[in-house]
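*Asks:* pasting a predicted model and its sequence here:
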Amino acid sequence: MKNGNLYVFDSWNTDEARLTIVGQATLYSTSREATGKNHYAVSLDSIALLETNVIKNSGSATAMTVFTGITAAVTIFCISNPKACFGSCPTFYVSDGDSMRLQAEGFSSSISPSLEATDIDALYQARPSQGELIVEMRNEALETHVVRKVDLLVVPKLNGQRVFHGEDRQFWQTARIVSPISATAPEGDCLSGLVAPDGKERLSLADDTYLGEKETIELEFPVGSGQRCGLVVGCRQTLLPTYLLYQTFAYMGNDAGHWLAEIERKKLGGDQGTIERLIGGIEVFTQGPDEQWHSTGMIDEHGPLATDVHLVPLPNLNSTNNKVSVKLHMTKGAWRLDYVALAELSEPVKPIRLHPNILLRDNQEDQQAQALLLDSTKVLVTLPGDRYTLKYQLPDTGTDCEFFLESRGYYLEWIRKEWVEEENPFLLAEMFLAPERALRRLAPQFKRVEAQLEDSFWRSRYAKP
């Protein structure tokens with residue numbers, strides 16, 4: 001409960017009309033003293049989190065239910081390494097003109113109701129057909145997805161210019177896009193992997209002794225000073241952050257429900273001094289007129305599934321011989337870079353917002369699910385294997401358009417039985433109170449499985465029989 005009490009139900013049902021959990025339960029105080037068994041009707045508004053090992057869709061209650069003790073063996077590739085099970089929020093597939101392609105993942109860092117967030121992803125390769133854009137939303141993991149909205153943002157392109165969503169939350173038209181003329185990483189020249197959004201990613205391996213160790217990539221672009229520019233970066237995370245999240249759940253063990261409820265009570269969380277902060281994002285540095293390097297932006301989009309394209313607006317650049325230099329600073333082994341460019345910015349633009357005008361489930365129109373996504377006070381809850389098709393009728397703009405997907409919601413990981421076996425309150429405390437020490441201790445453990453993680457992860461996507 002939000003007040004710290006605990007109800008343990010022998011049997012229960014959801015009263016949708018009254019939004020309550022009803023059944024026989026034992027009530028425990030905040031000090032966990034039992035006050036006897038009785039028949040209770042508990043309002044969902046007063047609940048921090050529900051925990052059960054019985055998998056069923058219980059209507060409104062499912063949106064705050066953590067399923068625990070689920071075996072990873074339901075997907076065979078999770079057996080050898082439960083920390084490599086596929087996951088990280090809803091996946092969105094959009095046609096690239098040839099086939100449906102994974103182009104976005106929603107609200108990847110929102111792992112509990114109180115962390116609900118809005119995510120905007122560029123559909124960089126989207127190709128509509130006959131005035132319509134079709135998006136498939138799938139739940140391919142052992143997770144509960146709670147989706148409040150999935151809107152399509154459409155921006156007409158002037159004279160073929162591309163549009164990017166900036167870390168300043170604005171949409172920018174570009175006058176010109178310039179590829180780097182050099183890119184140097186610790187391993188040497190990495191230019192060939194960054195000049196095109198082709199899926200040929202530049203990545204490194206994590207450090208052997210400290211998983212928070214940093215690295216720097218130095219870039220040069222042929223552009224003069226005084227031009228308003230932004231750095232375009234196409235990237236996604238590696239499985240290092242996912243592994244660390246799953247390891248944290250494993251240390252929670254049988255008390256995972258308690259700790260997730262503590263997040264809801266605002267007694268746990270925040271990234272100051274935590275592992276999340278130490279792993280961090282991709283920090284962008286530019287040289288000012290004083291020729292000193294200054295931090296000018298950060299890319300911190302969570303999620304290992306889909307490459308997203310970001311824009312970091314830059315201040316006036318210091319040009320030497322019509323070249324400018326940019327540095328990217330990030331954690332070793334934590335990021336996959338697919339594309340880097342410098343865009344000359346023309347002006348910010350406002351997108352056209354579209355709601356899905358048709359929603360299908362199993363090829364049948366589902367007006368009830370569509371109504372949930374159109375009502376900001378309600379949510380659409382999906383379980384593993386669920387798949388929805390969202391259709392958007394595009395406006396007649398008379399020109400090509402850029403597309404972005406704006407999703408809002410959160411997701412709840414199903415706590416695997418194999419994780420619970422590693423329950424350790426002392427190491428859990430270390431993850432939050434001494435994160436640097438935890439990243440050093442976990443380095444050898446992660447390095448033993450790093451090479452196999454990616455293959456196991458993608459092979460363990462959940463699909464209904």
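*Replies:* Cool, the structure landed.

*Asks:* centre-most residue in the protein?
*Replies:* Ser108 (1.7 Å; Cα atoms, centre = their mean).

*Asks:* how close does Leu123 get to Leu153?
*Replies:* Distance, Leu123 to Leu153, using Cβ to Cβ, to the nearest Å: 9 Å. In short, each C-beta sits where N, CA and C put it, glycine included.

*Asks:* ok, the residue nearest to the centre of the chain - contacts?
*Replies:* Ser88, Cys89, Asp119, Glu301, His302, Gly303, Leu305 (Cβ atoms under 8 Å, 6 or more residues apart in numbering).

*Asks:* how about the spatially closest residue to it that is not a sequence neighbour, secondary structure?
*Replies:* Residue nearest to Ser108 in three dimensions, not counting chain neighbours: Gly303, with 3.3 Å by Cβ to Cβ, 6 or more residues apart in numbering. The three-state label given to Gly303 by DSSP: H, G, I helix; E, B strand; the rest coil is coil.

*Asks:* enumerate every residue touching Gly303.
*Replies:* Counting by Cβ under 8 Å, 6+ apart, Gly303 has contacts Ser88, Cys89, Glu105, Ser108, Ser109, Arg236, Gln237.

*Asks:* just to revisit the earlier point, buried members of the contacts of Ser108 into PyMOL, please.
*Replies:* To isolate the buried members of the contacts of Ser108 in PyMOL, using 16 or more other Cβ atoms under 10 Å:
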select buried, resi 88+89+119+301+302+303+305
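
*Asks:* the closest residue to Val8 other than its chain neighbours pairs with what?
*Replies:* Distances taken as Cβ to Cβ, 6+ apart place Thr26 nearest to Val8, at 4.9 Å, with adjacent residues excluded. As for beta bridges, Thr26 partners with Val8, Lys37 under DSSP bridges.

*Asks:* same question, Glu365
*Replies:* Under the criterion used (DSSP bridges), Glu365 bridges to Leu360.

*Asks:* run a quick neighbour tally on it.
*Replies:* By the criterion of other Cβ atoms under 10 Å, Glu365 has 13 neighbours.

*Asks:* again, but for Tyr7
*Replies:* 17.

*Asks:* what sits against Met330?
*Replies:* Applying Cβ under 8 Å, 6+ apart, the residues contacting Met330 are Lys214, Glu215, Ile217, Gly280, Gly281, Ile282, Glu283.

*Asks:* so how far is Leu373 from the closest residue to the second one other than its chain neighbours?
*Replies:* If I follow you right, that is Glu215. Distances taken as Cβ to Cβ, 6+ apart place Lys332 nearest to Glu215, at 4.7 Å, with adjacent residues excluded. Applying Cβ to Cβ, the value for Lys332 to Leu373 is 40 Å.

*Asks:* for Ser114, same thing?
*Replies:* 21 Å.

*Asks:* neighbour-wise, which of those two wins?
*Replies:* Legend: neighbour count by other Cβ under 10 Å for Ser114 and Leu373, higher for Leu373 (23 against 15).

*Asks:* the more buried one contacts Val147, correct?
*Replies:* Yes. Counting by Cβ atoms under 8 Å, Val147 is a contact partner of Leu373 at 6.9 Å.

*Asks:* the host helix or strand of Val135 - what's its average pLDDT?
*Replies:* Assigned by DSSP states H and E, Val135 belongs to strand 132-138. In this model, strand 132-138 has an average pLDDT of 96.

*Asks:* picking up where we left off before, of the contacts of Gly303, which is the nearest to Phe457?
*Replies:* Of all the contacts of Gly303, Ser88 has the smallest distance to Phe457: 9.4 Å, by Cβ to Cβ.

*Asks:* mind checking pLDDT for that closest one?
*Replies:* Value listed for Ser88 in the pLDDT field: 71.

*Asks:* list the contacts for it?
*Replies:* Taking Cβ under 8 Å, 6+ apart as the definition, contacts of Ser88 comprise Glu105, Ser108, Ala141, Thr242, His302, Gly303, Pro304, Leu305.

*Asks:* can you show me the strands along the stretch 301-450 of the chain?
*Replies:* Secondary structure of the stretch 301-450 of the chain (DSSP state E, counting those that start in this stretch): strands at 308-313, 324-331, 335-349, 352-354, 358-361, 364-365, 380-382, 387-393, 401-413, 415-416.

*Asks:* strands paired with the last one, and their directions?
*Replies:* I take that to be strand 415-416. For strand 415-416, pairing defined by DSSP bridges yields strand 65-70 (parallel).
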